[in-house]
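> predicted model and sequence below, questions to follow.
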Amino acid sequence: MNRCPWCGNDELYIKYHDEEWGVPVHCDLKHFEFLVLESAQAGLSWITILRKRENYRKAYDEFDPVKVAKYDEEKIESLVKNPGIIRNSRKIRASINNAKRFLEVQEEFGSFDGYIWSFVNNRPINNQWTVLSEVPSNTKLSDKIAKDLKKRGFQFIGTTIIYSYMQAVGLINDHLVGCFRRGQIMEEF
């Protein structure tokens, strides 16, 4: 079975590739989860974050932005001391700020999902990359989304983070042309 080579032989990576990556997300909690995880990933490998994902889920109240937005200094201190997550205080503080901004976007647009999918006219972009080296780390679209999010007060959200987020939540289908999941995703969604 041909799949994108970036997942290698790691079972967790393969499961993520085969079951989640590139599948269009329309659940606000899932959007918030990926924003938190992608921001935490900055400067690290994605597999590092995947291995800590369940720890994040517990530490961040199942990625409920309403609860995360209320985190106080005591909670921040406990997160900084939590060995199960990335203990970068700037990333942690940004995630709490972003929960507040996320709620503002929900209020303005009815859902974060409605907001984010409007950037692609509610249809995934199906790229046609044949080799991994063709896949960009950012695009004009990720620049535009990152700029809009920053204007809304989001932190630790640059164009590269947003491009990875777009891949993860299926705004773009970056499975390589020879990957079995590319066609499946196009058919399903």
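Ah, there it is.
> name the helices or strands packed onto the helix ranked longest in the chain?
The longest helix of the chain (DSSP state H) is helix 89-109. Here helix 89-109 touches helix 28-41, helix 65-68, helix 73-80, helix 112-117, going by 3 or more Cβ pairs under 8 Å, 6 or more residues apart in numbering; DSSP states H and E. Yep, even glycine has a C-beta here, placed from its N, CA and C like the rest.
> got those helices as JSON lines, with mean neighbour count and mean pLDDT columns?
As requested, these are exported to JSON lines (neighbours: other Cβ atoms under 10 Å; pLDDT from 0 to 100):
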{"stretch": "helix 28-41", "mean neighbour count": "23", "mean pLDDT": "97"}
{"stretch": "helix 65-68", "mean neighbour count": "19", "mean pLDDT": "98"}
{"stretch": "helix 73-80", "mean neighbour count": "13", "mean pLDDT": "98"}
{"stretch": "helix 112-117", "mean neighbour count": "20", "mean pLDDT": "98"}
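> for stretch 20-28, measure first residue to last.
15 Å (Cα to Cα, to the nearest Å).
> in it, which residues are buried?
Within stretch 20-28, the residues scored as buried using 16 or more other Cβ atoms under 10 Å are 21-25, 28.
> let's see which of those end up in strands.
The strands, defined by DSSP state E, take in nothing from the buried residues of stretch 20-28.
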